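Asker: What follows is a predicted protein model with its sequence.
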Number of protein chains: 2
Amino acid sequence: MIDNSYYGQDGHGPYELINIGDLELEEGDTIKACKLAVATFGKLDAAKDNAILVPTWYSGTNKIIEQVLIGESHALDPRKYFIIVCNQIGNGLSTSPHSSDDPANFPKVRIGDDVRAQHRLVTKTYGLSSLALVVGGSMGAQQTYEWAVRYPDMVKRAAPIAGTAKNTEHDFIFTETLNEALTSDPGWDGGRYAQSSDVAAGLKRQAKLWTVMGWSTEFFKEGRHRALGFADMRTFVDEFMAGYFAPMDANDLLAMGWKWQRGDVSRMTNGDLRAALGRIKAKTFVMPISHDMFFPPSDCQAEWRLIPEAEFRPIQSIDGHLALFGADPGAIAQIDKHLNDLLAWAT
Amino acid sequence: MIDNSYYGQDGHGPYELINIGDLELEEGDTIKACKLAVATFGKLDAAKDNAILVPTWYSGTNKIIEQVLIGESHALDPRKYFIIVCNQIGNGLSTSPHSSDDPANFPKVRIGDDVRAQHRLVTKTYGLSSLALVVGGSMGAQQTYEWAVRYPDMVKRAAPIAGTAKNTEHDFIFTETLNEALTSDPGWDGGRYAQSSDVAAGLKRQAKLWTVMGWSTEFFKEGRHRALGFADMRTFVDEFMAGYFAPMDANDLLAMGWKWQRGDVSRMTNGDLRAALGRIKAKTFVMPISHDMFFPPSDCQAEWRLIPEAEFRPIQSIDGHLALFGADPGAIAQIDKHLNDLLAWAT
């Protein structure tokens, strides 16, 4: 257990911690009394057919999903839908290394483990037998694909944004550089640091890698970092990017990084990606972001071809992958438009 | 002085070490008896108007320039031209940190210092008053731009490949991540390591960053790394990429990295890039590489607009920035075609 006040109701609430029981993991270990941090919006209707599930991305929590995507002005409108934002295992709010008994030896968790945990949550806790939509960005897209392949009869619509069903070799190595930014910090000490600030140098190096790959060259050329209120690149890196990662827990980030690297729906079909994506029954909108440097549209398009009922709906934004942060209102407007189209599609 | 057998005639020769005298640096220090490692090909004609200068890129030497770009089948044909490949200061062959008395305190060298040193070389050693062409890739492109702006009457033709005249903020931070991969290694020890292998972990992390940004997602998606003879991504990273950087000297790389970050021809015109590029009299072919992630075509195009006699000649290659390595024969064929067109242009 490593004290970290960043993760809690103050910064990320309100959310509910729901014990879904013991979770057997694909790698063989078991998480005892696994807890999922869940924030819900709106009400489940009598027919129980208006539920939307939103899994979270790397380093993100329910809070940014709420701030960027949920509200009466958005497609995810709580007046119409019962929206369940479920924090992924290891993100600091759900069961995670930093809050466990032995943070340095937290078991390896895969995307499939998260999705089976979420399945238990929505079926047992909320009594759902279908989801009107599963939508998520980045690692949330990985979970969205996993849902659509693993539970094809349950997922009516799917919207993976800026992510892939099977992680690429290129992205695997990028994520390795993120992980190694942390593990190469002597302060990390094999995961046995006393507090997050012991890994400050590693967290800052990770923030710089995100600066390089997370946005785009056009973002900086057009001075978007200055438009967001930062005097220059140095301030943007030191205050915004490094400030974002500084309070986070290194072992939590590493747990998510390991999981991200290995996202792959074809694990369910003996490595046959075509067979895996062919299982999907959901109407699916594949939504890459035009300037995304690690989940580029071409990678997403190659998967889109293999999904029976899919439309390719790219988002134009020079904010690149981090358009998910919501700093480009135009990108969010495009996401809302596509999600509205998708939700209007009759199942 | 740090022993390093990687840098020498065995691996990179033949080249000549030419003492150009003391070099006063823009940052105020002086390199005493500065030595430039120079390889030449072909013969200078009586009119002394067939000389081509090729400066080197980050981590590169005259050897890869020779292997990839020079020969009877290439535009840089030694039967027609007197080709001077000049190793940049700090690259391990020319005066560099590792071979200096105090490697940890080597003075800061700028692109402008290299170009003034090269100017002394070509005017004093070879008695030249004009260069038929200056051509270079990456940091070689930075030096090419510096030449064309600093000595506009001397440079008849210029071909900056995969590089910019003024480095972008985005690229500055990318290069910072390369530098910090080395400086964050405890074995680097402020530059006071005993041998290159003391910084092995940092060099390997740098190799991974190059893997992510140096090629392109399409390169890996199309299996180019396997086509080059590596069984899988791990082998490609561990053997090819890490193997490339492993023998290099960290302080030498850092000297080049510092220089690369600050490449900016507008230093000669009080920060006015339009005025600087407006000085160029050379016929200039601006040659970005289509899939280059850190000198993308859009950045190069923005500079091309400001050069009086310039053509925009992008190279198509999914090898990205590292198409410079010459593993995609199609990319080299395009470069040769453009250089032939440029060399045919009457001055």
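Answerer: On my side now, so go ahead. Numbering: from 1, shown residues only, chains lettered A, B, ... in the order given.

Asker: Quick one, grab the pLDDT at the residue of chain A positioned farthest from its centre.
Answerer: Residue distances from the centre of chain A (C-alpha atoms, centre = their mean) peak at A:A231, which lies 29.9 Å from the mean C-alpha position. A:A231 is assigned a pLDDT of 94 by the prediction.

Asker: what does the one 4 residues further on give?
Answerer: Reading off the per-residue confidence, A:T235 sits at a pLDDT of 96.

Asker: A helix includes it, no?
Answerer: Yes. A:T235 forms part of a helix when assessed by DSSP: H, G, I helix; E, B strand; the rest coil.

Asker: Check the burial of it by counting its neighbours.
Answerer: Neighbourhood size, A:T235 [other C-beta atoms under 10 Å in any protein chain shown]: 13. For every residue, glycine as well, the C-beta is placed using N, CA and C.

Asker: how near is it to chain B?
Answerer: Going from A:T235 to chain B by C-beta to the nearest C-beta, to the nearest Å gives 11 Å.

Asker: if I look at that residue, how far off is A:V199?
Answerer: Distance of A:T235 to A:V199, computed by C-beta to C-beta, to the nearest Å: 23 Å.

Asker: repeat for A:L209
Answerer: Distance from A:L209 to A:V199, by C-beta to C-beta: 15 Å.

Asker: Secondary structure element holding the residue farthest from the centre of chain A?
Answerer: Assigned by DSSP states H and E, A:A231 falls within no helix or strand.

Asker: near chain B, which residues of the stretch 151-300 of chain A?
Answerer: Residues of the stretch 151-300 of chain A lying close to chain B by C-beta under 8 Å from any C-beta of the partner chain are A:168-174, A:176-177, A:180, A:184-186, A:201, A:205, A:208-209, A:211-213, A:215-221, A:225, A:232-233, A:237, A:293-294, A:296, A:298-299.

Asker: Just the buried ones among those residues, please.
Answerer: A:168-174, A:176-177, A:180, A:184-185, A:201, A:205, A:208-209, A:211-213, A:215-221, A:225, A:233, A:237, A:293-294, A:296, A:299 (16 or more other C-beta atoms under 10 Å in any protein chain shown).

Asker: low pLDDT regions in chain A?
Answerer: Applying pLDDT under 70 to chain A picks out no residues at all.

Asker: what residue is smack in the middle of it?
Answerer: Short answer for chain A (C-alpha atoms, centre = their mean): A:W57, at 1.7 Å.

Asker: Grab the nearest non-local neighbour of that one.
Answerer: Using C-beta to C-beta, 6 or more residues apart in numbering or on different chains and skipping the chain neighbours, the partner closest in space to A:W57 is A:S138 (3.8 Å).

Asker: Quick one: the strands in chain A, in order.
Answerer: Ranges of strands within chain A are A:16-19, A:23-24, A:30-31, A:35-41, A:51-55, A:82-86, A:133-137, A:157-161, A:283-286, A:310-312, based on DSSP state E.

Asker: in its sheet, what does the fourth one sit against?
Answerer: For strand A:35-41, the pairing partners within the sheet under DSSP bridges are strand A:16-19 (antiparallel), strand A:82-86 (antiparallel).

Asker: could you dump those strands to a markdown table with mean neighbour count and distance to A:W260?
Answerer: Shown next, in a markdown table, are the strands paired with strand A:35-41 (neighbours: other C-beta atoms under 10 Å in any protein chain shown; distance: least, C-beta to C-beta, whole Å):
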| stretch | mean neighbour count | distance to A:W260 |
| --- | --- | --- |
| strand A:16-19 | 14 | 23 |
| strand A:82-86 | 26 | 17 |
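
Asker: now those in CSV, with distance to B:R157?
Answerer: Formatted as CSV, the strands paired with strand A:35-41 follow (distance: least, C-beta to C-beta, whole Å):
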stretch, distance to B:R157
strand A:16-19, 68
strand A:82-86, 59
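
Asker: between the ones you listed, which one is nearest to A:G257?
Answerer: Nearest to A:G257 among the strands paired with strand A:35-41 is strand A:82-86 (19.3 Å), distances taken as C-beta to C-beta.

Asker: how many neighbours does A:V68 have?
Answerer: Counted with other C-beta under 10 Å, A:V68 comes out at 20.

Asker: Same question for the one 5 residues further on.
Answerer: For A:S73, the number of neighbouring residues by other C-beta under 10 Å comes to 9.

Asker: In contact with A:H321, which residues are there?
Answerer: Going by C-beta atoms under 8 Å, 6 or more residues apart in numbering or on different chains, A:H321 touches A:138, A:162, A:213-215, A:289, A:292-295.

Asker: nearest spatial neighbour of A:V199, skipping sequence neighbours?
Answerer: Using C-beta to C-beta, 6+ apart, the closest residue to A:V199 is A:A250 (4.3 Å).

Asker: Can you report how many residues lie near A:K156?
Answerer: When neighbours are counted by other C-beta under 10 Å, A:K156 registers 21.

Asker: Am I right that it is in contact with A:L128?
Answerer: No. Using C-beta atoms under 8 Å as the test, A:K156 is too far from A:L128 to be in contact (11.2 Å).

Asker: dump the residue contacts of the nearest residue to A:W258 once chain neighbours are set aside.
Answerer: Spatial nearest neighbour of A:W258, chain neighbours left out: A:K108 (6.0 Å); criterion: C-beta to C-beta, 6+ apart. Counting by C-beta under 8 Å, 6+ apart, A:K108 makes contact with A:25, A:27, A:29, A:255, A:258-259.
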